[in-house]
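Undergrad: Kindly generate the corresponding structure for this input.
(2 chains)
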Amino acid sequence: MREIIWLIPLIPLLSSVILMLGSGNFPRLLIGLLGVGSVGSAALLTLALGLDFMSNPEVFQMTLWTWMKVGSFAPGVAFYFDGLTLVMMSVITGVGFLIHLFSTEFMEEDVSYARYFAYLNMFVAAMLVLVMADNLLLLYLGWEGVGVCSYLLVGFWYQNSANGRAARKAFVVTRIGDTAMALGLLLLFTELGTLNIQSMVGVANESWQVGDTLPLIACLLLLGGAVGKSAQLPLHTWLPDAMAGPTPVSALIHAATMVTAGVYLVARTHGLFLLAPTAMMAVAIIGITTSLMAAFTALMQSDIKRILAYSTISQIGYMFLALGVGAWTAGIFHLMTHAFFKALLFLGSGAIIHCLHHEHNIFKMGGLRRKMPVTFWSFMIGSAALAALPMTSGFFSKDQILLEAYQFPGIGPWLWLGGLCGALLTAIYSFRLVFVVFFGQAKTEPDKDTGWRMALPLSVLCGLSLVGGYFIIPVESVFPPVTGEHPAYWVEYVSISVPLVGLLLAYLIFHSGQLRVAGLVNSSIGKIMYQFWLSGWGIDWLYDRLFVRPYYALANLLKAEPVDGVYGLVVTVNETLNNWLSQSQTGRMRWYITSMVAGLIVLLAVALQLSPETL
Amino acid sequence: MDGLNIPLNHVLLVSSLLFVIGLLGLMIRRNIIFILMSLEVMLNAAALAFVGAGAHWGQPDGQVVFMLILTVAAAEVAVGLGLVLQIQRRFKTLDMDHANRMGG
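TA: Numbers count the residues shown, from 1 in each chain, chains lettered A, B, ... in the order given. Here you go, the predicted structure:
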């Protein structure tokens, strides 16, 4: 049964290749069937594999062939299958299938229908390779594969140059992290002699002590890759711009799967991170800082997709926090629930954008509750789960993260407090979105409602967002068991009540209007803070000044080739002299004679000066 | 030769003057006939210096060289006049500034 595992990434890859070779000449129905069907069958195979795993939870390893063999360096194209892989594969193929189905309606009128599904299928294949790889090199292949697909899909509507810029930004910024990760891979291989994740962790535990420098450096380099891919501080700036792509792409790549690859990487190599407590501390601090920063920014945005993008950054911050405090299971659990409700929210926003003539500004929407009921309920459930209201899926995962953060020795309570602030902000901004878009006065009339291909994925994801919290993910054998006592009950009560307070605040401010914040916003400090948060803490501005402009200036400088200029100078001098001399050749006898006489006089004068005794 | 003892310096001075006059004529004049004439003046200035020097040292060599210069000058005039004819035929002028087709 387990031997069919290699089919799962192969089917979407084959479909992608067929769609590419067809170069858009297939009928639309066939394209849709290929695109959705391939991911659907991968999802079915994953389901079968999952059922098999439930009855017989054994780790499974399969080598297809040796990729290359250079001395002791022989990475295989090999898959490793355990509970963590199963969770990731289920999310990728399951949520991926729903998003593919949604796309058939969303992209219905697009001319590049086949190209879209070719890229999307290729993405699914690359992402599956990433999570199934048993060595870091194959993982890196998938890692770069998803990066390329992300680039292609962000810049999918390439006729608009702004989209191309956004795609380049996404590619270049993640590349910074990827370079760090590649260095980490090289370091791990030279130090440990293998890239196979399981044996690598084994060797590391034998040859390294907890707190050594080498594991710290290796973990920080891997973390660099994770930070770039998962859009955490300081490499998060690409994600809000990546919203230039089609909305289902944002749902699949920039919310549910690819951006959580960093979380997966850290979780997968947790054996190394346990050897470097400082690196884990860095993970936790990056997570909580990013989470708060992005939550404040999300509160100020007016573009529906940017709100969700910053919210994604913020939620991945929670996952990093969980990883940093050693709550591996909670982190992966939040990854899964987040994939459900964030895909739901993105698809919901896609439905709104689709039906509202590509309107992105939430203040131009309003009153959509009655006109788009399916979308309204999707958003209600998605926002409730995002805000972690009790009994939704987000509640279980976020609550677990906060509790385990509280138990973290040392700065634990502070991390918990930061997480609570983030949760409060999350509740406010997610329900601000709901109240502004779905209640109040209608400002733009939708010209259609969602069809079944949009409604079905939304409904299924609604269900998953509601009950996802009751799933038990089979990772207890992957991660070390959680130690520590359950904290006092008041901690839990506070964690539960904070999102409710946020919901109440959002209601009072954005719906009933009983709490007036206009005065606060319009005060001078309020305006400054508004601008500051709206621009994402000015980080884009800072990077623009710090890196982009100096780079452009340098490029402009080098465009003139200053080094060649030195050699060019010799040429120029020679040419100038040559010009002068050739101009002196006028063909006029008198000029020649005069020159000769002048030269003679000079020579004589010099000769006399040098040896006056000859006179 | 007695009583006509001109100091060598004077001879050389006259010779130099003649040479400079010829040189200036060479540089200033545009008509090729006059250029040839200036050349003759310069040649003769040199010849005068040889004769003066020969007289001063009491050597015959100066006069020998003078004979040589005289011959060269005659040959030069013959060739030069031939060139003048050719230039007149080609350019329809004797102005050397117009005969500048060798310009770079």
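Undergrad: Tell me the buried residues in stretch A:143-154?
TA: Under the neighbour-count criterion of 16 or more other CB atoms under 10 Å in any protein chain shown, stretch A:143-154 has A:143-147, A:149-154 buried. C-beta: built from backbone N, CA, C; applies to glycine.
Undergrad: Among those residues, which one lies nearest to chain B?
TA: Distances from chain B to the buried residues of stretch A:143-154, taken as CB to the nearest CB, are shortest for residue A:151 (58.9 Å).
Undergrad: Chain neighbours aside, what residue packs nearest to that closest one?
TA: Nearest in space to residue A:151, with sequence neighbours left out and distances taken as CB to CB, 6 or more residues apart in numbering or on different chains, is residue A:171 at 4.3 Å.
Undergrad: Burial check on the one you found, number of neighbours?
TA: Here the neighbour count serves as a burial measure; for residue A:171 (other CB atoms under 10 Å in any protein chain shown) it reads 19.
Undergrad: and if you look at residue A:355?
TA: Applying other CB under 10 Å, we find 22 residues neighbouring residue A:355.
Undergrad: Tell me which residues touch it, please.
TA: Taking CB atoms under 8 Å, 6 or more residues apart in numbering or on different chains as the criterion, residue A:355 is in contact with A:372, A:375, A:446-450.
Undergrad: how about 10 Å then?
TA: Residue A:355 makes contact with A:368, A:371-372, A:375, A:444-451, A:454, according to CB atoms under 10 Å, 6 or more residues apart in numbering or on different chains.
Undergrad: how far away is it from residue A:18?
TA: The spacing between residue A:355 and residue A:18, counted by CB to CB, to the nearest Å, is 32 Å.
Undergrad: How about residue A:244?
TA: When CB to CB is applied, the distance between residue A:244 and residue A:18 equals 28 Å.
Undergrad: do residue A:510 as well
TA: Using CB to CB, we find residue A:510 at a distance of 48 Å from residue A:18.
Undergrad: So for the longest helix belonging to chain B, mean pLDDT?
TA: Ranked by number of residues, the top helix in chain B under DSSP state H is helix B:61-91. This predicted structure assigns helix B:61-91 an average pLDDT of 91.
Undergrad: returning to what we had before: among the buried residues of stretch A:143-154, pick out the one closest to residue B:17, please.
TA: residue A:151 (89.9 Å; CB to CB).
Undergrad: Do I have it right that that closest one meets residue A:168?
TA: Yes. At 7.7 Å, residue A:151 counts as touching residue A:168 under the criterion of CB atoms under 10 Å.
Undergrad: who has more neighbours, residue A:510 and residue A:18?
TA: residue A:510 (20 against 17).
Undergrad: Write out the residues of chain A neighbouring chain B.
TA: Listed as neighbours of chain B in chain A under the rule CB under 10 Å from any CB of the partner chain: A:581-598, A:600.
Undergrad: Buried subset of those residues, written for PyMOL?
TA: The following PyMOL command selects only the buried members of the residues of chain A next to chain B, with burial defined by 16+ other CB under 10 Å:
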select buried, chain A and resi 586+588+589+590+591+593
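Undergrad: Mark which of the residues of chain A next to chain B are part of helices, please.
TA: Taking DSSP H as the definition of helices, these contribute A:581-584, A:589-598, A:600.
Undergrad: ok, back up a step: surely the residue nearest to residue A:151 is within a helix?
TA: Yes. Applying DSSP: H, G, I helix; E, B strand; the rest coil, one finds residue A:171 inside a helix.
Undergrad: Tell me the spacing between it and chain B.
TA: From residue A:171 over to chain B the distance is 57 Å, taken as CB to the nearest CB, to the nearest Å.
Undergrad: likewise residue A:409?
TA: According to CB to the nearest CB, residue A:409 stands 89 Å off from chain B.
Undergrad: For that residue, give me the pLDDT.
TA: The score at residue A:409 is 79. That number is its pLDDT.
Undergrad: secondary structure class for it?
TA: With three-state DSSP as the criterion, residue A:409 reads coil.
Undergrad: Can you name every helix or strand that the worst-scoring helix or strand of chain A on mean pLDDT contacts?
TA: The helix or strand of chain A with the lowest confidence, counting by mean pLDDT, DSSP states H and E, is helix A:518-522 at a mean of 71. In this structure, helix A:518-522 makes packing contacts with helix A:524-534, judged by 3 or more CB pairs under 10 Å, 6 or more residues apart in numbering or on different chains; DSSP states H and E.
Undergrad: tell me how far the helix it packs on is from the chain's mean position?
TA: Taking the mean C-alpha point of helix A:524-534 and that of its whole chain, the gap between them comes to 27 Å (CA atoms, centre = their mean, to the nearest Å).
Undergrad: what residues does it touch?
TA: A:293, A:295-302, A:306, A:310, A:517-523, A:538, A:541.
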